[in-house]
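S.K.: mind looking at a prediction? Sequence and model below.
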Amino acid sequence: MKTVLITGASRGIGKACAEKFASLGYNVAVNYKSSKEQAYELCHAQIERGLSAKPYFADVSSASDVKKMFDEINKDFGGVDILINNAGISLIKVINDVSQEEWDKIFAVNAKSAFLCSKEALSHMLKNKWGRIINVSSMWGISGASCEVPYSASKAALIGFTKALAKELAPSGITVNCIAPGIIDTQMNSVFSAKEISDFVSEIPLLRMGAPDEIAHCAAFFADEKSSYITGQVLSCDGGYTV
Ligand code: NAP
């Protein structure tokens, strides 16, 4: 049975991915940082359904936390076959109000984490000559969002990371792909008022927000055995916003 690690799986898109992969029969390693109770509840619910899921703490911007998490997962499941770099944070501020600390934190959580987790996952994937790395970027990494410069830049970094790593790992049977979600109905968007959301939605060709399980569906597509000839790609799931 293959093992998938989903970072930031306690809620939102990560949680939907955990539920999806558990229902597809994978061992699911559910990473959380602050939302311990939600992560344990999520795993408990999967186990009650006869599925396999286990929670693992790590601040994925910390190399020592990431190493410890991988040591535990490797002991429990023998290695990570599919890595979904999903954990992320946003920041809404004009550029002149963004501090260096905020810039560094956004890049550490949104981009450095993918580097740290991919490095840890690679020893098992390289040994097996099989692996899937799936990065969750954003449509703002493609088109840029006003008042979200560090977020957009960190998500663009993930796209460059995806393309370069895909080329480097292709000869080893490992694919690296990226999902660029549009506006998805999760806690991340709770900072916006109902009016701001409805103004935004009116500009989306499909005239609605996306659901977390629609992003999980994209992740399952990239993970599928039959997707083995697809690498270095960015799949937009944004209701047509960036068309
Ligand atoms: P969310 O509901 O705010 O969830 C964020 C998740 O990231 C939580 O599970 C949180 O875990 C985790 N996380 C944050 N910092 C972490 C850290 N340092 N270490 C480990 N986990 C950490 O957001 P979401 O909408 O599901 O977002 C998931 C991903 O999709 C993010 O990368 C986001 O940028 C991207 N995305 C979202 C949208 C959208 O509209 N929602 C659009 C495009 C892209 P804890 O609660 O346990 O700390």
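M.R.: On my side now, so go ahead.

S.K.: list the buried ones in stretch 66-77?
M.R.: Of the residues in stretch 66-77, Val66, Met69, Phe70, Ile73, Asn74, Phe77 count as buried by neighbour count, 16 or more other C-beta atoms under 10 Å. (Glycine included, C-beta is placed from N, CA and C.)

S.K.: quick check: the residue of the chain positioned farthest from its centre vs Cys147, distance?
M.R.: Within the chain, the residue lying farthest from the chain centre (C-alpha atoms, centre = their mean) is Asn96, at 28.4 Å. Look at Asn96 and Cys147: by C-beta to C-beta, to the nearest Å, they are 11 Å apart.

S.K.: and Thr162, by the same measure?
M.R.: Remark: distance between Thr162 and Cys147 (C-beta to C-beta) = 25 Å.

S.K.: please identify which of those two sits among more neighbours.
M.R.: When Thr162 and Cys147 are compared for neighbours, Thr162 comes out ahead with 23 against 13, by other C-beta atoms under 10 Å.

S.K.: longest helix in this structure, by residue count?
M.R.: For the chain, the helix with the greatest residue count under DSSP state H is helix 149-169.

S.K.: in that helix, what counts as buried?
M.R.: Within helix 149-169, the residues that count as buried by 16+ other C-beta under 10 Å are 149-159, 161-163, 165-166, 169.

S.K.: which elements pack onto it?
M.R.: Applying 3 or more C-beta pairs under 8 Å, 6 or more residues apart in numbering; DSSP states H and E, we find helix 149-169 packed against helix 100-107, helix 113-128, strand 131-136, helix 140-143, strand 174-181.

S.K.: can you redo these as a markdown table with mean pLDDT, distance to Ile84 and mean neighbour count?
M.R.: Below are those laid out as a markdown table (pLDDT from 0 to 100; distance: least, C-beta to C-beta, whole Å; neighbours: other C-beta atoms under 10 Å):
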| stretch | mean pLDDT | distance to Ile84 | mean neighbour count |
| --- | --- | --- | --- |
| helix 100-107 | 98 | 19 | 14 |
| helix 113-128 | 98 | 9 | 20 |
| strand 131-136 | 99 | 5 | 26 |
| helix 140-143 | 98 | 16 | 20 |
| strand 174-181 | 99 | 9 | 25 |
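
S.K.: distance to the ligand for the ones you listed - can I get that in a markdown table?
M.R.: Listed next are the helices and strands packed on helix 149-169 as a markdown table, based on distance: least, C-beta to the nearest ligand atom, whole Å:
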| stretch | distance to the ligand |
| --- | --- |
| helix 100-107 | 9 |
| helix 113-128 | 7 |
| strand 131-136 | 4 |
| helix 140-143 | 7 |
| strand 174-181 | 4 |
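
S.K.: near the ligand, which residues of this protein are found?
M.R.: The chain has residues 7-8, 10-14, 31-35, 59-61, 86-89, 109, 136, 138, 181, 183-184, 186-189 near the ligand, with proximity defined as C-beta under 6 Å from any ligand atom.
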